[in-house]
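S.K.: no sequence on this one, just coordinates:
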């Protein structure tokens, strides 16, 4: 096959959705509503953390990374998909395709590492309340946040540094957006090393995230069981339930997405939709879950809304 030259002149074709007649614009406007809701919810949470001094605590400084990461995920995927639906072009330049895939994978790993960092913070707060301030110093919080983003960045860069070296001999991405598996299917060279690195990176992400969270929540559960203070139990419920719900949502959607590609009887259209859900549902649900389950965030937002209403 003829190799496609690298550079901004290299064009790839995305495999579009099969949209029934008259369905293009309703789907587009539904997507716009979902996108702006995701942007609004996450920006609201970011703004509250920045402006409200009662949220200037280690827990919320770490939490700040979650809506920021959600904005990266939903923005890297949805605008391009919606644009292709309306314009019916379904074309992307190779470097932009790699860039989109890079940010989407950064988002996926970011969720896992940020949730692990948040669970460790809750472990320190609930299991060692008297030493919490000494443990979660500003320097430690910065180190934890930097480690979460830094480890994610290093793993994804290692994956895509190998990807861009592969010769390309196909021009059709069998998906509505670009990701690493779709890019690997374009190559005419051996992808064994890429598959090994990809599996290694996924294992590291899951192992680090699950291990830290399992340790933290088991310790928190033990502390709640042996503690006679109802305040300790309520504190655990208010903060840990939110994080567990977010983890369950992400892992459930991610697992369902992976399984949809493992069964031949699952239609290509359903696989595309399932692939998109992991970048849509968590960014929509995460700020809502935190708003509902975390009393401090909920009460702060209610005070702001009440003050705004009175002013109006």
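M.R.: Thanks, I have it. Because the structure is predicted, anything quoted here is derived from the model rather than measured. Numbers count the residues shown, from 1 in each chain.
S.K.: got a list of contacts for stretch 149-159?
M.R.: With contacts defined as C-beta atoms under 8 Å, 6 or more residues apart in numbering, stretch 149-159 is touched by 65, 102, 105-106, 109-110, 113, 180, 194, 197-198, 201, 204-205, 208. The way it works is simple: take the backbone N, C-alpha and C, and place the C-beta from them, glycine included.
S.K.: got the buried residues for whichever strand or helix holds residue 37?
M.R.: Using DSSP states H and E, residue 37 maps to helix 24-51. Within helix 24-51, the residues that qualify as buried are 27-28, 31, 34-35, 38-39, 41-42, 45-46, 48-49, counting by 16 or more other C-beta atoms under 10 Å.
S.K.: and stretch 196-211, by the same measure?
M.R.: Neighbour-count burial for stretch 196-211 [16+ other C-beta under 10 Å]: 197, 198, 201, 202, 205, 208, 209.
S.K.: what packs against the strand or helix carrying the fifth one?
M.R.: To tie it back to what came earlier, the one meant is residue 205. Assigned by DSSP H and E, residue 205 falls within helix 192-226. Packing contacts for helix 192-226, counted by 3 or more C-beta pairs under 8 Å, 6 or more residues apart in numbering; DSSP states H and E, involve helix 94-127, helix 138-163, helix 180-184, helix 230-260.
S.K.: following the chain past the first one, name the next helix or strand.
M.R.: When you say that, I think you mean helix 94-127. Downstream of helix 94-127, the next assigned helix or strand under DSSP H and E is helix 132-135.
S.K.: shouldn't residue 277 be in contact with residue 257?
M.R.: Yes. At 6.6 Å, residue 277 counts as touching residue 257 under the criterion of C-beta atoms under 8 Å.
S.K.: residue contacts, residue 304?
M.R.: For residue 304, the contact set (C-beta under 8 Å, 6+ apart) comprises 48, 52.
S.K.: sorry, slip of the keys, the one I care about is residue 138.
M.R.: By C-beta under 8 Å, 6+ apart, the contact list for residue 138 is empty.
S.K.: return the distance of it relative to residue 17.
M.R.: Distance, residue 138 to residue 17, by C-beta to C-beta, to the nearest Å: 47 Å.
S.K.: can you pull the contacts of residue 58?
M.R.: Residues near residue 58 by C-beta under 8 Å, 6+ apart: 121, 136, 140, 141.
S.K.: buried by neighbour count, from those residues: which ones?
M.R.: By neighbour count, with 16+ other C-beta under 10 Å, the contacts of residue 58 hold 121, 136, 141 as buried.
S.K.: I'd say the first one and residue 62 touch.
M.R.: Pointing back at residue 121 there. Yes. With contact defined as C-beta under 8 Å, residue 121 counts as touching residue 62 (5.5 Å).
S.K.: now the common contact residues for those two.
M.R.: Common contact partners of residue 121 and residue 62 (C-beta under 8 Å, 6+ apart): residue 144.
S.K.: residues contacting residue 113?
M.R.: Residue 113 touches 147, 148, 149, 151, 152, 205, 208, 209, counting by C-beta under 8 Å, 6+ apart.
S.K.: what does residue 19 give?
M.R.: Applying C-beta under 8 Å, 6+ apart, we find residue 19 in contact with 27, 85.
S.K.: what kind of secondary structure is it in?
M.R.: coil (DSSP: H, G, I helix; E, B strand; the rest coil).
S.K.: now it: how far from residue 97?
M.R.: Taking C-beta to C-beta, one finds residue 19 at 22 Å from residue 97.
S.K.: check residue 139 too.
M.R.: From residue 139 to residue 97 the distance is 39 Å (C-beta to C-beta).
S.K.: equivalent analysis for residue 180, please.
M.R.: Residue 180 is 11 Å from residue 97, by C-beta to C-beta.
S.K.: equivalent analysis for residue 29, please.
M.R.: 26 Å.
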